[in-house]
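A.B. asks: quick one, what's the 3D model for this:
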Amino acid sequence: MSTRIAFLKGHGTENDFVIVPDPENAVDLPPAAVAALCDRRAGIGGDGLLHVVRSAAHPEAAEMAAEAEWFMDYRNGDGSVAEMCGNGVRVFAHYLQRAGHVAEGDITIATRAGVKSVHLAKNGDVTVGMGRAVLPAGDVTVSVGAHSWPARNVNMGNPHAVAFVDDLGQAGTLFTPPPVTPASAYPDGVNVEFVVDRGPRHVALRVHERGSGETRSCGTGACAVAVATARRDGADPAVTGTPVTYTVDVPGGRLVITEHPDGGIEMTGPAVIVAEGDIDAEWLAAVRL
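C.D. replies: From the prediction side, this is the model:
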């Protein structure tokens with residue numbers, strides 16, 4: 001393997017990522033190395049890491065290689081593995097186009113939550129087919145300090161607890177994961193969204209992402225929030241046969257989420273690459289230990 005390890009830095013509505021292009025899956029990225037790269041003081045800094053690998057070269061994605069050439073091997077900022085990241089998929093697709101691997105238009109990307117359809121628009125926006133939401137039965141409660149709220153359990157390939165509050169300040173600092181009960185509802189942890197109304201079919205959120213803390217944006221979280229808000233508002237495209245669209249403001253910008261009658265959810269938003277360079281191979285080798 002070459003001692004040159006390239007990286008890029010990008011973000012989608014300020015949910016930021018270290019991008020490591022590695023088509024043949026040759027770069028060893030154990031959790032300690034990922035956490036070090038995502039460290040905002042001692043590393044490059046990011047909410048997570050996008051490991052760019054050809055599907056055929058990765059054991060978790062080989063079965064999807066016929067449908068999608070590229071696999072988004074996504075890691076949280078603490079080095080843990082995640083099933084899916086909506087903002088990450090947009091940035092991942094933007095990188096593929098920038099690198100000349102794909103052209104403007106429709107592409108597919110393999111993720112641990114399955115193959116995702118992506119559209120790269122001329123204006124730079126990226127639309128991702130996020131799949132269908134699953135709404136597990138059972139009551140869930142989210143707490144911050146002495147306050148508790150009922151929450152909606154929504155799974156977008158990764159788990160979410162969506163709580164509607166009067167003010168986003170009620171979410172507190174979000175330095176640590178807000179307690180969610182029952183714990184058995186989320187055996188692998190959960191992303192927690194706090195939501196307020198901004199207008200008709202327009203909401204805003206703050207989010208604690210498992211493994212990353214509070215982030216400026218969460219794509220799957222925005223989708224979970226749109227679905228939870230639609231059901232709260234009595235809207236279900238599967239029943240009415242009419243798509244429903246919500247504008248979701250996140251601290252880092254704005255996403256547009258549409259749920260279709262077949263259950264498919266699309267998310268549209270920006271993706272930006274801000275820098276590229278090389279990782280010091282000796283430093284990376286040391287932090288892998």
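A.B. asks: okay, helices next: where are they in this structure?
C.D. replies: Listed in chain order, the helices of the chain (DSSP state H) span 31-38, 86-98, 219-232, 237-240, 281-287.
A.B. asks: can you list these in JSON lines and add mean pLDDT and mean neighbour count?
C.D. replies: Glycine gets a C-beta too; all of them are placed from N, C-alpha and C. Converted to JSON lines, the helices of the chain look like this (pLDDT from 0 to 100; neighbours: other CB atoms under 10 Å):
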{"stretch": "helix 31-38", "mean pLDDT": "97", "mean neighbour count": "21"}
{"stretch": "helix 86-98", "mean pLDDT": "96", "mean neighbour count": "26"}
{"stretch": "helix 219-232", "mean pLDDT": "97", "mean neighbour count": "27"}
{"stretch": "helix 237-240", "mean pLDDT": "97", "mean neighbour count": "13"}
{"stretch": "helix 281-287", "mean pLDDT": "91", "mean neighbour count": "13"}
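A.B. asks: which among those is found nearest to residue 130?
C.D. replies: helix 219-232 (5.1 Å; CB to CB).
A.B. asks: just the C-alphas of the closest one, formatted as CSV.
C.D. replies: The C-alpha coordinates for helix 219-232 follow below in CSV (Å, rounded to 0.1, in the frame of the first residue of the first chain):
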residue,chain,number,x,y,z
GLY,A,219,-30.5,13.2,7.1
THR,A,220,-32.2,10.0,8.4
GLY,A,221,-33.3,12.0,11.4
ALA,A,222,-35.0,14.6,9.1
CYS,A,223,-36.8,11.8,7.3
ALA,A,224,-37.9,10.2,10.6
VAL,A,225,-39.1,13.6,11.8
ALA,A,226,-41.1,14.2,8.6
VAL,A,227,-42.8,10.8,8.9
ALA,A,228,-43.5,11.3,12.6
THR,A,229,-44.9,14.8,11.9
ALA,A,230,-47.0,13.6,9.1
ARG,A,231,-48.6,10.9,11.3
ARG,A,232,-49.1,13.5,14.0
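A.B. asks: nearest to residue 58, out of the helices of the chain?
C.D. replies: Using CB to CB, the helices of the chain put helix 86-98 closest to residue 58, at 13.8 Å.
A.B. asks: contacting residues for the closest residue to residue 172 other than its chain neighbours?
C.D. replies: Take residue 172 and drop its neighbours on the chain: the residue closest to it by CB to CB, 6 or more residues apart in numbering is residue 144, 4.6 Å away. Residue 144 makes contact with 170, 171, 172, 178, according to CB atoms under 8 Å, 6 or more residues apart in numbering.
A.B. asks: identify the bridge partners of residue 144.
C.D. replies: residue 147 (DSSP bridges).
A.B. asks: pLDDT on stretch 62-78, on average?
C.D. replies: Throughout stretch 62-78, pLDDT has a mean value of 97.
A.B. asks: so how far does that stretch reach from one end to the other?
C.D. replies: 26 Å (CA to CA, to the nearest Å).
A.B. asks: again with stretch 99-106
C.D. replies: Taking CA to CA as the measure, stretch 99-106 stretches 16 Å from start to finish.
A.B. asks: list the buried residues of it.
C.D. replies: Under the neighbour-count criterion of 16 or more other CB atoms under 10 Å, stretch 99-106 has 101, 102 buried.
A.B. asks: before we move on, what about stretch 246-266?
C.D. replies: Under 16+ other CB under 10 Å, the buried positions of stretch 246-266 are 246-260, 264-266.
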